[in-house]
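Asker: Using only what follows, build the 3D model:
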Amino acid sequence: MLGYAQLPKFLPFPVAIHHGWHRDVHDFEAVAKPPEIWVWSERIAREMIRFYPRDRIRIVGSFFCYLMESIKNELPPKEKNGSICIPPHSSHFAKTEYSVDSFARALDQLGDDFKPITVMLYYLDMDPHTVSVYKSFGFNVVSNGNLFDENFLRNFILNVYDKKHCIFSDLGSGVIYAGYLGLNLHHLELPSQVKNLGNPHLSKEYIETSFRFDKNFLLSINSTSINEEMGTNHLLSPQELRRAILRNYFTWSFVRTFTYTMARRIGGAVLHRIGLRRRSLNV
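Answerer: Numbering: from 1, shown residues only. Now for the predicted structure:
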């Protein structure tokens, strides 16, 4: 977003913004009381008012759209063929469990138009067993990098944009991005379950609400619904985005949050150095 707005990328981002596609919202972004919460779509804005004032919620579209606008001329033309497969993925605070063998067999039974198949795993799911199962069926296995890799989304685009189909079982950001890139979306039914590893927002109610949303969304998923979810009608020009970012640096809520965050970082660094010095003296 900073790059598209032609601002230095080392600047702190002054507002809260969703890290990916949201089925439903929770209060995570509202907890720090940011100057504004930026959301992708009108649907999310309507739901976010449960946690934040509407006049501090701004619809700007997905950052993925801004990235594509920034790099679209860098992508070499390629003939689309084969498929990218996006299996259910885990996170640091949730483990998604499913039968890798069953999913791999279902992929292998697809017609020739879906081949070759590249399986794209989240880096936390790149364990030896999972990788070896997919490779045993002759599938290529790739990852986009870890959570802190600044090229994560660029790697995703390079792995996906030249494919014809996107095969998936669970909806997620990657599936929505693939649809936005023009891939044919092909859903495979696969039982999976989420094991909560400490995410306070991943309640049983949230999981059930997400399941119901996915079931209804899959019935009508098309380019129109994907563009609505991505907020393509709300994208800003570089000048408009730059103004929207800059004005939020001059708000009390940003100054308060930024000062608090920096004080915690500096205090933590000082305490860490003191601890290291004490340990070295004890030795």
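Asker: Which helix or strand lies directly C-terminal to the helix or strand of the chain with the lowest mean pLDDT?
Answerer: Least confident helix or strand of the chain, by mean pLDDT, DSSP states H and E, is strand 192-196 with a mean of 65. Beyond strand 192-196 on the C-terminal side, the first helix or strand identified by DSSP states H and E is helix 204-220.
Asker: Mind listing residues that contact that following helix?
Answerer: Helix 204-220 is contacted from outside by 23-24, 26, 170-171, 187, 194, 225, using CB atoms under 8 Å, 6 or more residues apart in numbering. Every residue, glycine included, has its C-beta placed from N, CA and C.
Asker: Now which of the residues you listed would you call buried?
Answerer: 23, 26, 170-171, 194 (16 or more other CB atoms under 10 Å).
Asker: Redo these as CSV? Include distance to residue 247.
Answerer: Output for the buried ones among the contacts of helix 204-220, formatted as CSV (distance: CB to CB, whole Å):
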residue, distance to residue 247
23, 30
26, 27
170, 38
171, 34
194, 39
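Asker: Sort out which one of those lies nearest residue 264 for me.
Answerer: Ranked by distance to residue 264 (CB to CB), the buried ones among the contacts of helix 204-220 are led by residue 26 at 23.1 Å.
Asker: Could you dump the contacts of helix 204-220 into CSV and include distance to residue 53 and secondary structure?
Answerer: Formatted as CSV, the contacts of helix 204-220 follow (distance: CB to CB, whole Å; DSSP: H, G, I helix; E, B strand; the rest coil):
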residue, distance to residue 53, secondary structure
23, 23, coil
24, 19, coil
26, 17, coil
170, 33, coil
171, 29, coil
187, 37, strand
194, 31, strand
225, 28, helix
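Asker: among those residues, which two are most distant?
Answerer: The widest separation within the contacts of helix 204-220 (CB to CB) is 25.5 Å, between 26 and 187.
Asker: Near residue 36, how many other residues are there?
Answerer: By other CB atoms under 10 Å, 23 other residues sit near residue 36.
Asker: Now do the same contact list for it.
Answerer: 15-16, 56-58, 248.
Asker: next one: residue 164
Answerer: Residue 164 neighbours (CB under 8 Å, 6+ apart): 80-83, 113, 183-184.
Asker: Now the terminal residues of stretch 139-150, how far apart.
Answerer: Stretch 139-150 has an end-to-end distance of 27 Å (CA to CA, to the nearest Å).
Asker: Find the pair from the contacts of residue 36 with maximum spatial separation.
Answerer: Of all pairs in the contacts of residue 36, the most separated under CB to CB is 57 and 248 at 13.0 Å.
Asker: between these two, who's got more neighbours?
Answerer: residue 57 (21 against 18).
Asker: Now do the contacts for the residue lying closest to residue 165 once chain neighbours are set aside.
Answerer: Among residues not flanking residue 165 along the chain, residue 83 sits closest, at 4.0 Å (CB to CB, 6 or more residues apart in numbering). Contact partners of residue 83, counting by CB under 8 Å, 6+ apart, are 110, 114-118, 163-167, 186.
Asker: between these, which is closest to residue 87?
Answerer: Distance to residue 87 across the contacts of residue 83 (CB to CB) is lowest for residue 167, with 9.1 Å.
Asker: a strand runs through the closest one, doesn't it?
Answerer: Yes. According to DSSP: H, G, I helix; E, B strand; the rest coil, residue 167 belongs to a strand.
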